[in-house]
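*Asks:* Sequence and predicted structure are below.
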Amino acid sequence: MKNVLLEAVLVGAAGLALAFASNALSPRGLKLTRNYSPGNALAAAAASRSAADPSGSEAKILEDQLRAEGLQLADANQAAKLFADPKRGQDLVIFVDARDDDHYQAGHIPGAYQLDHYHPERYLATVMPACQVAQTIVVYCKGGSCEDSEQTALFLRDSAVPKHKLFVYTGGFDEWSSSHQPIELGERNSGQIPAGTAPASAPGSTR
Amino acid sequence: MNSATEAPPAAKPALARPWLDYGGVLTRWILGAIFVYMGLTKALHPEMFLKLLRQYDLTNSSLMLNSIAAGLPWFEVFCGLLLLAGIAVRGSAMLLLLMLVPFTFVVLKRALAVADIQHIALCAVRFDCGCGNGEVLICRKLVENALLILLSCWLVAGFGRRFAARFRLRLR
């Protein structure tokens, strides 16, 4: 048994070294020292507060959490109004999709920039200039208990984007798509609209 | 000394019952394949695994969580490959036990908490446990894990020597 334990220690040490080397070499690897969820502590506090409230849903917990972090919320109506705002055509109102590549490519709010905060280096060159110009930035992810929109908004806030510009659309893409709002497939401004959904109307229209 | 006349090492009881050892070989390959697959699934999307890990409230240290999310998937792949090749089999199986047992407990703990909050039976609870299979019924996952633990014990006991490249390391 002693030999088995010794063997396990050796295999474990070699395995750990190789595992962290693989992570360092992988293009999808994580940066060990980065805090990927800066809102966690407040999330826990908000969750514990809401736990005392039996009617508190996960979405309610997230809303509490966002308010505690000074982030502004956008509901479905506000998101739709901002989408129809003429300023969106001048990039003064922008949408930022906080989901990963697969989800973004499968469908996003038309014209939305992508910023997956786990790999920001891929998107910053495009997103940051737009965020500097924009007056209103609506960040969304899947919706429900998804925290990526919050984490991305916090990432932008910490990257010198004034927080008064930042809105988190908590309903997210699930709510947007289920309410038959326009969707765009593939790349940003690809113009690809999935069959059976409403085409993206021009900013400023009453739709 | 004539090596042909040497008595077989005492630590090879498995070879006395070939069918037990063939079962061990099959176990080794099945466990190895499962861990390589599960590990790669997570290693290719470590950020998803990190999100899932956060739900367990294991620690508040982002460094620790990042290390687990970044290292564990590749570590599983490594152990799985060793089992497939038949290298350091008992030590690798021991490491699988060290991963499986605590993980099964934290999944059970979270499942009990979810069942309590949602007022549903334990076996109706389903969530993505971070095992690499997406959202699953937790009762089923617990049974699967119990089976994997038993299979790992089988290998720790010394079965699965046939077709092994180097069943045990020379530790002198």
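*Replies:* Great, that's in hand.

*Asks:* in the chain, which spans are helices?
*Replies:* Picked chain A for this. Applying DSSP state H to chain A gives helices spanning A:2-25, A:40-51, A:58-68, A:76-84, A:101-106, A:124-133, A:148-158, A:172-178.

*Asks:* wait, chain B
*Replies:* B:18-43, B:46-54, B:62-85, B:89-118, B:138-156.

*Asks:* Just the buried residues of the first one, please?
*Replies:* For helix B:18-43, the neighbour count (16 or more other C-beta atoms under 10 Å in any protein chain shown) marks B:20-21, B:23-25, B:27-28, B:31-32, B:34-36, B:38-43 as buried. Every residue, glycine included, has its C-beta placed from N, CA and C.

*Asks:* how close does A:Ser22 get to A:Val93?
*Replies:* Distance, A:Ser22 to A:Val93, using C-beta to C-beta, to the nearest Å: 42 Å.

*Asks:* Who has more neighbours out of the two?
*Replies:* Just comparing A:Ser22 and A:Val93: by other C-beta atoms under 10 Å in any protein chain shown the higher neighbour count belongs to A:Val93, 23 against 18.

*Asks:* what is that one paired to in the beta sheet?
*Replies:* A:Thr136 (DSSP bridges).

*Asks:* wait, doesn't it sit right on A:Ala84?
*Replies:* No - in this structure, A:Val93 is not within contact of A:Ala84 by C-beta atoms under 8 Å, at 9.5 Å.

*Asks:* Deepest-packed of the helices of chain B, please.
*Replies:* Mean neighbours per residue, mean count of other C-beta atoms under 10 Å in any protein chain shown, is largest over the helices of chain B for helix B:62-85, with a mean of 22.

*Asks:* on that earlier part again, could you dump the helices of chain B into CSV with mean pLDDT and distance to chain A added?
*Replies:* Formatted as CSV, these follow (pLDDT from 0 to 100; distance: least, C-beta to the nearest C-beta, whole Å):
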stretch, mean pLDDT, distance to chain A
helix B:18-43, 93, 7
helix B:46-54, 90, 4
helix B:62-85, 96, 4
helix B:89-118, 94, 3
helix B:138-156, 95, 7
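
*Asks:* Just put those helices in JSON lines and tack on distance to A:Glu7.
*Replies:* JSON lines is the format used below for the helices of chain B (distance: least, C-beta to C-beta, whole Å):
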{"stretch": "helix B:18-43", "distance to A:Glu7": "15"}
{"stretch": "helix B:46-54", "distance to A:Glu7": "27"}
{"stretch": "helix B:62-85", "distance to A:Glu7": "10"}
{"stretch": "helix B:89-118", "distance to A:Glu7": "3"}
{"stretch": "helix B:138-156", "distance to A:Glu7": "10"}
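
*Asks:* Mind checking the ones you listed for the one nearest to A:Asn189?
*Replies:* helix B:46-54 (25.9 Å; C-beta to C-beta).

*Asks:* can you state the direction angle for the closest one and helix B:18-43?
*Replies:* Helix B:46-54 runs at 100 degrees relative to helix B:18-43, counting by axes from the mean of the first three to the mean of the last three C-alpha atoms, to 10 degrees.

*Asks:* Check chain A for the residue nearest chain B and tell me.
*Replies:* Closest approach of chain A to chain B (C-beta to the nearest C-beta) occurs at A:Glu7, with a separation of 2.9 Å.

*Asks:* what's the burial count for that residue?
*Replies:* By other C-beta under 10 Å, the residues close to A:Glu7 number 22.

*Asks:* Now do the same contact list for it.
*Replies:* Contact analysis of A:Glu7 by C-beta atoms under 8 Å, 6 or more residues apart in numbering or on different chains lists B:Ala88, B:Arg90, B:Gly91, B:Met94, B:Arg168, B:Leu169, B:Leu171.

*Asks:* The fifth one contacts B:Ala93, correct?
*Replies:* No - with contact defined as C-beta under 8 Å, B:Arg168 and B:Ala93 do not form a contacting pair (11.3 Å).

*Asks:* which residues are contacting stretch B:136-153?
*Replies:* Contacts of stretch B:136-153 (C-beta under 8 Å, 6+ apart): B:27, B:30-31, B:34, B:93-94, B:96-97, B:100-101, B:103-104, B:107-108, B:111, B:114, B:122-129, B:131, B:133.

*Asks:* same thing but at 7 Å, please
*Replies:* With contacts defined as C-beta atoms under 7 Å, 6 or more residues apart in numbering or on different chains, stretch B:136-153 is touched by B:27, B:31, B:93, B:96-97, B:100-101, B:104, B:107-108, B:111, B:122-123, B:125-127, B:129, B:131.
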